[in-house]
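*Asks:* Fold the following and give me the result.
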Amino acid sequence: MDSWGHPKRSLGQNFLCDAGVVRCIADAIGATYGNTVVEIGPGRGALTRELAVRGARVLAVEKDRELAWRLHADLPDIGMVYADALRLAWEGVSRLPGVRVVGNLPYNIASPLMWELVARVRGWERMVFLVQKEVGERLVADPRTPHYGALGVWVQSWCQPELVRIVPPHVFRPRPKVDSAIVRFWPRDDIPRAAASLARLLHVTFQKRRKQLGTILRPWWGQELDAWCAQHGVERTARPEELSPGQFVSLAEIMLSLWNTGKSA
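*Replies:* The predicted model follows:
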């Protein structure tokens, strides 16, 4: 055991220990003098130090109290928030002009956390995350492909994700059993106007992804959905994985007026 202590399996800690990957993430987030970067899960601070050297103002969010104390003692100029990222009021980050968000995310929280971040933070310039490779593939998946699902549709509705690089297990301590991926998000100008409806629609449809749209939405089907299908060239027999993110966003706006029918999925 070194002076930092053992990684905590309960927190999904896999510390990044490869300088080349650290530089790649720092390059991807593009932070320099004057930029504010919120780093989620700084751990032992490999990326934190690189960002600080490049002149970024770093605000670190760390759930592990011992690591937070140790890292802040080593880097007293960074801001430190001791908190669970899943419980943080992310809307407050929107008050930081031109904020960028980065993190080596624990596998067990990556998907729900990214779901919250893209929808709740406003005015961000870019986000970069190190996630499990399979999750990275889901984020950038196209319709009619095996990895396409609710997470990818949701994220692509709020931003434009790209897969930057695949990362092997040996760059972490301890080593995970699978490859990881660096993903970068660019903000979209046309964000969903019916976010709650979109979230519900994705939940309802992808829970039954092998069924046809007309079957899944039968309780609410009527002239409005017939007209939407005609307008978008979508057959009632289409399955959820055949719809594009843009079509889901549009359909969610129609569904917003149909949810209050007294019926439930």
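*Asks:* Spatially central residue for this structure, please.
*Replies:* The centroid of the chain falls nearest to Met114 when counting by Cα atoms, centre = their mean (2.2 Å).
*Asks:* give me every residue that touches that one.
*Replies:* Leu105, Phe129, Val131, Leu139, Leu151, Val155 (Cβ atoms under 8 Å, 6 or more residues apart in numbering). Using the backbone N, CA and C atoms, a C-beta is placed for each residue, glycine as well.
*Asks:* for Trp124, what are its contacts?
*Replies:* Contacts of Trp124 (Cβ under 8 Å, 6+ apart): Val93, Ser94, Gly98, Val99, Arg100, Val101, Pro187.
*Asks:* residues near Asn14, how many?
*Replies:* Using other Cβ atoms under 10 Å, Asn14 has 21 other residues around it.
*Asks:* The one 4 residues further on too?
*Replies:* Burial of Asp18 is recorded as 15 neighbouring residues (other Cβ under 10 Å).
*Asks:* The stretch 51-200 of the chain: strands as residue ranges?
*Replies:* 57-62, 79-82, 100-104, 126-132, 159-167, 172-173, 180-187 (DSSP state E, counting those that start in this stretch).
*Asks:* Got the confidence number for Asp189?
*Replies:* Note on Asp189: pLDDT of 93.
*Asks:* Thr32: which element?
*Replies:* Using DSSP states H and E, Thr32 maps to neither a helix nor a strand.
*Asks:* give the contact list for Gly149.
*Replies:* Arg138, Ala141, Phe206, Arg209, Glu241.
*Asks:* now swap in Leu16 and tell me
*Replies:* Val22, Gly43, Ala46, Leu47, Asn104, Leu130, Val171, Phe172.
*Asks:* So what pairs up with it in the strands?
*Replies:* Phe172 (DSSP bridges).
*Asks:* and the gap between Arg239 and Leu139?
*Replies:* Going from Arg239 to Leu139 by Cβ to Cβ, to the nearest Å gives 21 Å.
*Asks:* More neighbours: which of these two?
*Replies:* Leu139 (25 against 19).
*Asks:* can you tell me how far the more buried one sits from Ile182?
*Replies:* 11 Å.
*Asks:* Can you work out which residues contact both of the two?
*Replies:* Contacts common to Leu139 and Ile182, judged by Cβ under 8 Å, 6+ apart, are Leu163.
*Asks:* picking that back up, can you redo the strands of the stretch 51-200 of the chain as TSV with distance to Ala68 and mean neighbour count?
*Replies:* Formatted as TSV, these follow (distance: least, Cβ to Cβ, whole Å; neighbours: other Cβ atoms under 10 Å):
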stretch	distance to Ala68	mean neighbour count
strand 57-62	4	22
strand 79-82	5	15
strand 100-104	14	26
strand 126-132	19	24
strand 159-167	25	17
strand 172-173	19	18
strand 180-187	23	21
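*Asks:* Could you dump these into CSV and include distance to Arg70?
*Replies:* Below are the strands of the stretch 51-200 of the chain laid out as CSV (distance: least, Cβ to Cβ, whole Å):
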stretch, distance to Arg70
strand 57-62, 10
strand 79-82, 10
strand 100-104, 17
strand 126-132, 21
strand 159-167, 25
strand 172-173, 16
strand 180-187, 24
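*Asks:* Between those, which has the poorest mean confidence score?
*Replies:* strand 172-173 (a mean of 86).
*Asks:* can you list the residues that contact that strand?
*Replies:* Under Cβ under 8 Å, 6+ apart, the answer for strand 172-173 is Pro7, Asn14, Phe15, Leu16, Cys17, Ser180.
*Asks:* Tell me the spacing between the residue lying farthest from the centre of the chain and Glu137.
*Replies:* No residue in the chain sits farther from the centre than Gln223, which is 35.3 Å out by Cα atoms, centre = their mean. Applying Cβ to Cβ, the value for Gln223 to Glu137 is 38 Å.
*Asks:* Same check on Leu47?
*Replies:* Distance from Leu47 to Glu137, by Cβ to Cβ: 23 Å.
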